[in-house]
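Enquirer: sequence unavailable; structure follows:
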């Protein structure tokens, strides 16, 4: 009974961590915790755990408490190993529920082989307006009218590659400074 | 855009020349102070900042034959015997060299030590701390196109300072804007070490998290940028906004030298926003620079 509780806690923890990690969200909301638990149940049909699995579940159980309360720590490795242990016999792919986060809709799929999570795929990852979102802050190609616009009359300072003092005299910054002298 | 009900504060600026460029200190006029007192305060603050820049320049300038840096280059002085200031900047530059995998380096191709890539940012950072120590909460410090701000141009509000970034193809026009502001200097400076991806919520241009904006280019004064990859630089100009001005300056320089791989590494490892202009004029931007 205790082991079973620990295992489901570990699975929930792993689910939360996966969802949290995949969406880059620190602080998954309550709904993602529920959804993650559902993901866990799908895998828990196998039901067998070795003593090593239980051992790692012990530590995972404590992190599951943290996860449930809405913060995901860096204990992802611990949680994931607990989940892998329980799902060892199952293999295959498991879809998480569709979860609404404050950043948009998230659904992930994990692939399990021989007790290891071998792949995590984002099935759905969109923002509130339905556009797909970037997980990292990757610098992407943009058009000129897609960047924040500024008119020289509307700025208080001007940034640019280091200008020599001669070049400064003809620069926009010089004009601004002159206006504020 | 934020609505400002009160009348905009008139800004006052003072400038001086140092490190081969022009430094501008801009402050909003304080309505509660007598005009002469406010002017005196700005004069005094500018004098403090100028002294700080001049002192650092006298140590680090390679244009001054009598500077400590010049003596190091001529092998008249060894690094272990150098001043604490010199060794501290060398250590900082060496750390950044490791973190950027060599894209930022304080060593010229001929092997000579050149810390000018980090000294200006350091001077801006120190000047910012001095201004805060003087009790000044709202100011904008621009040293040759690298910017550090505190507070707001409208004291008492959270209206950000609005910075423009020059178009490298036409220096009379602006390529983009970026809101700068926040209490970044009030909190302890960020660790140099990569902190991992920041939460998505902080990646919006809310004007509250980035106090510093630095821009490096391959076209002008490329004296501290040596391309890691052979051939022409991939980027003509790179701007980086961050909480810390040295971080912004170093990473902008590193990205110009290291190209797209360094750009991707920088945006993944540090909590920054970046806007890069390719040699053909195309732009690459992180979310904070997009509308």
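Expert: Received, thanks. Computed from a prediction, not measured in an experiment: that's the story for all the values here.

Enquirer: residue B:65 and residue B:53, how far apart?
Expert: Applying CB to CB, to the nearest Å, one obtains 19 Å for the distance of residue B:65 from residue B:53. C-beta here means a position set from N, CA and C on the backbone, and glycine is covered the same way.

Enquirer: so which of these two has more stuff around it?
Expert: residue B:53 (23 against 10; other CB atoms under 10 Å in any protein chain shown).

Enquirer: what's around the closest residue to the more buried one other than its chain neighbours, how many residues?
Expert: With CB to CB, 6 or more residues apart in numbering or on different chains as the criterion, residue B:53 has its nearest non-adjacent residue at 4.2 Å, and that residue is residue B:18. Residues within reach of residue B:18, counting by other CB under 10 Å, total 23.

Enquirer: thought residue B:18 was touching residue B:52?
Expert: No. With contact defined as CB atoms under 8 Å, residue B:18 does not count as touching residue B:52 (9.4 Å).

Enquirer: per-residue pLDDT, residue 43?
Expert: Answering for chain A, as no chain was given. pLDDT recorded at residue A:43 is 39.

Enquirer: my bad, chain B
Expert: In this model, residue B:43 is scored at 95, pLDDT.

Enquirer: what strand or helix carries it?
Expert: helix B:35-60 (DSSP states H and E).

Enquirer: and that helix, what does it pack against?
Expert: Secondary-structure packing of helix B:35-60 (3 or more CB pairs under 8 Å, 6 or more residues apart in numbering or on different chains; DSSP states H and E): strand B:11-18, strand B:21-28, helix B:68-73, helix B:84-99, helix B:116-133, strand B:139-143.

Enquirer: now, of those, which is deepest in the fold?
Expert: With neighbours taken as mean count of other CB atoms under 10 Å in any protein chain shown, the helices and strands packed on helix B:35-60 reach their highest mean count in strand B:139-143, at a mean of 26.

Enquirer: what's next to that one, contact-wise?
Expert: A:156-159, A:173, B:19, B:21, B:23-27, B:45, B:49, B:53, B:120, B:123-124, B:127-128, B:131, B:147-151, B:153, B:161, B:180 (CB atoms under 8 Å, 6 or more residues apart in numbering or on different chains).

Enquirer: hmm, 7 Å instead?
Expert: A:156-157, A:173, B:21, B:23-27, B:120, B:123-124, B:127-128, B:131, B:147-150, B:161 (CB atoms under 7 Å, 6 or more residues apart in numbering or on different chains).

Enquirer: quick check: neighbours of that strand in the sheet, parallel or antiparallel?
Expert: strand B:21-28 (antiparallel), strand B:146-150 (antiparallel) (DSSP bridges).

Enquirer: distance from the chain centre to the shortest one, please.
Expert: In this view, strand B:146-150 has its centroid 7 Å away from the chain centroid, taken as CA atoms, centre = their mean, to the nearest Å.

Enquirer: quick one: least confident helix or strand in chain A?
Expert: In chain A, the helix or strand scored least confidently by mean pLDDT, DSSP states H and E is helix A:51-68, which has a mean of 38.

Enquirer: which strand is the longest one in chain B?
Expert: Of all segments of type strand in chain B, defined using DSSP state E, the longest is strand B:170-180.

Enquirer: that strand close to chain A?
Expert: Yes. Strand B:170-180 lies within reach of chain A by CB under 7 Å from any CB of the partner chain, at B:171, B:172, B:174, B:176, B:177, B:178.

Enquirer: partner strands of the helix or strand following that strand, parallel or antiparallel?
Expert: Downstream of strand B:170-180, the next assigned helix or strand under DSSP H and E is strand B:212-217. In the sheet, strand B:212-217 lines up against strand B:146-150 (antiparallel), strand B:235-242 (antiparallel) (DSSP bridges).

Enquirer: wait, residue B:45 sits on residue B:131?
Expert: Yes. Between residue B:45 and residue B:131 there is a contact under CB atoms under 7 Å: 6.0 Å.

Enquirer: what number of residues lie near residue B:167?
Expert: Residue B:167 has 17 nearby residues by other CB under 10 Å.

Enquirer: and it, bridged to which residues?
Expert: Here residue B:167, judged by DSSP bridges, has bridge partners residue B:170.

Enquirer: now do the contacts for it.
Expert: B:173, B:174, B:175.

Enquirer: one more time with 10 Å, if that's ok
Expert: Taking CB atoms under 10 Å, 6 or more residues apart in numbering or on different chains, we find residue B:167 in contact with A:144, A:160, B:173, B:174, B:175, B:176, B:237, B:277, B:281.

Enquirer: quick one: residue B:122 and residue B:176, what's the gap?
Expert: Counting by CB to CB, the gap from residue B:122 to residue B:176 is 26 Å.

Enquirer: so what's residue B:260 closest to, chain neighbours aside?
Expert: residue B:234 (6.4 Å).

Enquirer: so the one you found makes contact with residue B:279?
Expert: Yes. If you go by CB atoms under 10 Å, residue B:234 and residue B:279 touch, sitting 6.5 Å apart.

Enquirer: now do the shared contacts for these two.
Expert: residue B:218.

Enquirer: higher neighbour count, these two?
Expert: Neighbours of residue B:234 and residue B:279, each counted by other CB under 10 Å, are more numerous for residue B:234; the result is 22 against 14.

Enquirer: tell me the contacts of the more buried one?
Expert: By CB under 10 Å, 6+ apart, residue B:234 lies in contact with B:218, B:227, B:255-263, B:276, B:278-280.

Enquirer: 8 Å - rerun?
Expert: B:259, B:260, B:278, B:279.

Enquirer: so which of those residues belong to strands?
Expert: Using DSSP E, the contacts of residue B:234 in strands are residue B:278.

Enquirer: make a markdown table from the contacts of residue B:234 and add pLDDT to it.
Expert: Below are the contacts of residue B:234 laid out as a markdown table (pLDDT from 0 to 100):
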| residue | pLDDT |
| --- | --- |
| B:259 | 94 |
| B:260 | 94 |
| B:278 | 94 |
| B:279 | 91 |
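
Enquirer: of the contacts of residue B:234 - the most surrounded one?
Expert: Top of these by neighbour count (other CB under 10 Å): residue B:259, with 20 neighbours.

Enquirer: before we move on, back to that, list buried residues within the residues of strand B:170-180 next to chain A.
Expert: With neighbours counted by 16 or more other CB atoms under 10 Å in any protein chain shown, the residues of strand B:170-180 next to chain A contain buried members at B:171, B:174, B:176, B:177, B:178.

Enquirer: low-confidence stretches in chain B?
Expert: B:1-8, B:182-209, B:219-232 (pLDDT under 70).

Enquirer: for chain A, what's its nearest residue on the stretch 51-200 of chain B.
Expert: Here the stretch 51-200 of chain B gets closest to chain A at one residue, residue B:177, 2.7 Å apart by CB to the nearest CB.

Enquirer: residue contacts, that residue?
Expert: Contact partners of residue B:177, counting by CB under 8 Å, 6+ apart, are A:148, A:149, A:150, A:154, A:155, B:162, B:163, B:164, B:165.

Enquirer: so what's the nearest residue to the third one once chain neighbours are set aside bridging to?
Expert: Right, the one you point to is residue A:150. Nearest residue to residue A:150 in three dimensions, chain neighbours excluded: residue B:177, at 2.7 Å (CB to CB, 6+ apart). Beta-bridge partners for residue B:177, by DSSP bridges, are residue B:164.
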